[in-house]
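> sequence first, predicted coordinates after that:
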Amino acid sequence: MKRVYVNEEWCLGCHLCEYNCAFANSGARDMVSALKGKPLVSRIRVEGDGRITYAVSCRHCTDPLCVTCCISGALRREDGVVRIDRGKCVGCLTCVLVCPYGAVAPGPDGAALKCELCLQNSCGAPACAAGCPNRAIVYEEREEERS
Amino acid sequence: MKRYVIIGGGAAGTSCAEAVRRTDPQGEITLVSQERVSGYGRPLISYYLEGKTDIPRMSRVGLGFYERNCITALHGVGAASLDAAAHRVTLEDGRQLPYDALCLCTGSFPFSPRFEGIETVPRRFFFTTLEDALALEQAVTKESRVLIVGAGFIGLKCAEGLRDRAGSITVCDLADRAMSVSLDGQCSVILERHLEKNGIRLMLGNTAARFEGGCAVMQHGERVDFDILVIAIGVRPATSLAAQAGAAIGRGITIDETGKTSLPDVWAAGDCTESTELTTGQTAVMAILPNAAQQGECAGINMAGGSAVFTAGMRMNSIGFFGLHVMSAGTCQGDAAFCEVTETSCRKLYVQEGVLKGYVLIGDVRKAGIYTAMIRDRVPLEGVDLEAVGREPSLLPLGQATRRRKLGGVV
């Protein structure tokens, strides 16, 4: 299965992935109306210190703790993709409590928000990877699934 | 064909059943649930009262779970006895269920001390099941004065759920602070102020001493009139079935890291059990949904001949009240190694033996799971900038090699 992978040594820390993510999931037609004057709602984030930067988004774990621990069954794994039914989510944030990558975040409406590989929006493939200027974020197949 | 019997339809029971089915596509699975509805997320009941969810959406397992997994589900009936030597469970209605592997997921029951005059209270409730929530929904009106005894998770979530349905809500507790099990005084005061601002009246360090019909006489002598009483003092593991069969029991049914009890071919999972707590190495009852789900899954795999262990049991909670989030995990003892407290927020990290042992966050809870994983994986903190980690959780302390493996590989 294709996933988003991060090559830390190539990350420039430009945060473009965050903007592309927010735009892709906004439903807006152009980036300006999607983002201008609004808080940035992104499912990927760049972190690091002065020397190192890297992007983190959902790893789509083979055995995802967020799915196991979800109290409402809003999170589930379908064909290897960890998805969220935001209508079922009550915003308890147990997923935020257990995600080892910090990759599930409280959304502006209270329900949890996470990367779904842009499969649920009009991009069809991760906008973060497509727009990364240095190929620090890629969307590709790597080693075989364990299960 | 192997016969599996699972007693209990909560998070542990349904996770167990699902794991059995995944591991053994052929076996015959029977799940017994005392409740008429199973598979719902029990902590959702306060969100139900609040109107944030409804019964169809409360199902953790989804529609058609039992059919999809070829599980025979028996609802509205409990297990009456267990004959471990004969490998047979007898249900309350007399039916007998022979098994090759059994999992006890009997959960917990609300605990109530013997209050003088409690029998004179006409409308009193517990708050742990969907049925409790539905009964409260029926009973509470816009005029109701609600008294909740217990300012822990259950009592306070009940208060939040009922606020817009009731006339007034008072929560009292013997402890001198809200959520006394997870929060110290410095943290709890933040929560208490927030609750009071949202219309919840708190009486702390002062619980009901006795009841006279619709009146509670408090320890300090005040009289609190109420229409609805909710007892939310705590829960206890439901161990009687296991005890009667002779299983080793401490405070909960004793299980090892595979989920096995002391009885042959009998496993147990969830709130009814006690097991090793990760941060202390001590045996503890950890009655929280994430542990139940993971223990159930582990037991199910092992029952069906697979191999799994669950060694990551610890206390952790994510809970919100009127928009203020509170998270805590692990053991928070001694002085905090990182501490940042304001009027409305708190971040505290507890370090022992060079590893993170616990944390409390109020307000900004983003990326808290990174802390939880640091506790679980015992990430060494030598050379780590604890101030930076305390201010914002990040994957930096993991080091480049681990980070590269996690962000660049299949996990």
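Nice, thanks for sending it over.

> near chain A, which residues of the stretch 201-350 of chain B?
Within the stretch 201-350 of chain B, the positions near chain A by CB under 8 Å from any CB of the partner chain are B:289-290, B:293-294, B:297, B:316-320, B:323, B:325, B:327, B:329. For every residue, glycine as well, the C-beta is placed using N, CA and C.

> and the strand or helix carrying residue B:158, what does it pack onto?
Element membership for residue B:158, per DSSP states H and E: helix B:153-162. In terms of contacts (3 or more CB pairs under 8 Å, 6 or more residues apart in numbering or on different chains; DSSP states H and E), helix B:153-162 is packed against helix B:45-50, helix B:130-139, strand B:145-149, strand B:168-173, strand B:200-204, strand B:316-321.

> and the angle from that helix to helix B:130-139?
40 degrees (axes from the mean of the first three to the mean of the last three CA atoms, to 10 degrees).

> how far out from the middle of the chain is helix B:153-162?
14 Å (CA atoms, centre = their mean, to the nearest Å).

> what's the mean pLDDT across it?
In this model, helix B:153-162 carries a mean pLDDT of 98.

> quick check, residue B:61 in contact with residue B:14.
Yes. Using CB atoms under 8 Å, residue B:61 is in contact with residue B:14, at 5.0 Å.

> the two: who's more crowded?
Set residue B:61 next to residue B:14 and count neighbours by other CB atoms under 10 Å in any protein chain shown: residue B:14 wins out with 32 against 20.

> before we move on, what SS does the more buried one have?
helix (DSSP: H, G, I helix; E, B strand; the rest coil).

> how near is it to residue A:130?
Plainly put, residue B:14 is 39 Å away from residue A:130 if you go by CB to CB, to the nearest Å.

> quick revisit: same list, the helices and strands packed on helix B:153-162, but as CSV with mean pLDDT and mean neighbour count please.
Listed next are the helices and strands packed on helix B:153-162 as CSV, based on pLDDT from 0 to 100; neighbours: other CB atoms under 10 Å in any protein chain shown:
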stretch, mean pLDDT, mean neighbour count
helix B:45-50, 98, 23
helix B:130-139, 98, 17
strand B:145-149, 98, 24
strand B:168-173, 98, 22
strand B:200-204, 98, 19
strand B:316-321, 96, 22
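
> need those in a markdown table (columns: distance to residue B:93).
Output for these, formatted as a markdown table (distance: least, CB to CB, whole Å):
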| stretch | distance to residue B:93 |
| --- | --- |
| helix B:45-50 | 27 |
| helix B:130-139 | 19 |
| strand B:145-149 | 34 |
| strand B:168-173 | 39 |
| strand B:200-204 | 43 |
| strand B:316-321 | 37 |
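
> what about the residue of chain A found nearest chain B, neighbour count?
Of all residues in chain A, residue A:102 sits closest to chain B, with a separation of 3.0 Å (CB to the nearest CB). Neighbours of residue A:102 under the rule other CB under 10 Å: 22.

> which residues touch it?
Going by CB atoms under 8 Å, 6 or more residues apart in numbering or on different chains, residue A:102 touches A:45, A:56, A:96, B:366, B:367, B:368, B:369, B:370, B:393, B:394, B:395.

> make it 10 Å
A:45, A:47, A:56, A:96, B:366-373, B:392-395 (CB atoms under 10 Å, 6 or more residues apart in numbering or on different chains).

> quick check, the longest helix along chain A touching chain B?
Counting residues, the longest helix in chain A under DSSP state H turns out to be helix A:16-24. No. Figure legend: helix A:16-24 not in contact with chain B (CB under 10 Å from any CB of the partner chain); closest approach 12.8 Å.

> that helix: what's the following helix or strand?
helix A:31-35.

> dump stretch B:173-182 to CSV, keeping only the CA atoms.
What follows is stretch B:173-182, C-alpha atoms only, in CSV (Å, rounded to 0.1, in the frame of the first residue of the first chain):
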residue,chain,number,x,y,z
ASP,B,173,-17.3,14.7,47.1
LEU,B,174,-15.6,13.5,50.2
ALA,B,175,-12.2,14.5,48.6
ASP,B,176,-11.3,18.2,48.8
ARG,B,177,-10.9,18.5,45.1
ALA,B,178,-12.4,17.5,41.8
MET,B,179,-10.9,14.4,40.0
SER,B,180,-8.8,13.7,43.1
VAL,B,181,-7.4,10.5,41.7
SER,B,182,-5.8,12.1,38.7
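
> stretch A:58-72: which residues count as buried?
A:58-61, A:64-72 (16 or more other CB atoms under 10 Å in any protein chain shown).

> in JSON lines: those, plus secondary structure, distance to chain B and pLDDT.
Converted to JSON lines, the buried residues of stretch A:58-72 look like this (DSSP: H, G, I helix; E, B strand; the rest coil; distance: CB to the nearest CB, whole Å; pLDDT from 0 to 100):
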{"residue": "A:58", "secondary structure": "coil", "distance to chain B": "11", "pLDDT": "98"}
{"residue": "A:59", "secondary structure": "coil", "distance to chain B": "5", "pLDDT": "97"}
{"residue": "A:60", "secondary structure": "coil", "distance to chain B": "9", "pLDDT": "97"}
{"residue": "A:61", "secondary structure": "coil", "distance to chain B": "5", "pLDDT": "96"}
{"residue": "A:64", "secondary structure": "coil", "distance to chain B": "9", "pLDDT": "97"}
{"residue": "A:65", "secondary structure": "helix", "distance to chain B": "8", "pLDDT": "97"}
{"residue": "A:66", "secondary structure": "helix", "distance to chain B": "8", "pLDDT": "98"}
{"residue": "A:67", "secondary structure": "helix", "distance to chain B": "9", "pLDDT": "97"}
{"residue": "A:68", "secondary structure": "helix", "distance to chain B": "5", "pLDDT": "96"}
{"residue": "A:69", "secondary structure": "helix", "distance to chain B": "4", "pLDDT": "97"}
{"residue": "A:70", "secondary structure": "coil", "distance to chain B": "7", "pLDDT": "97"}
{"residue": "A:71", "secondary structure": "coil", "distance to chain B": "4", "pLDDT": "97"}
{"residue": "A:72", "secondary structure": "coil", "distance to chain B": "5", "pLDDT": "97"}
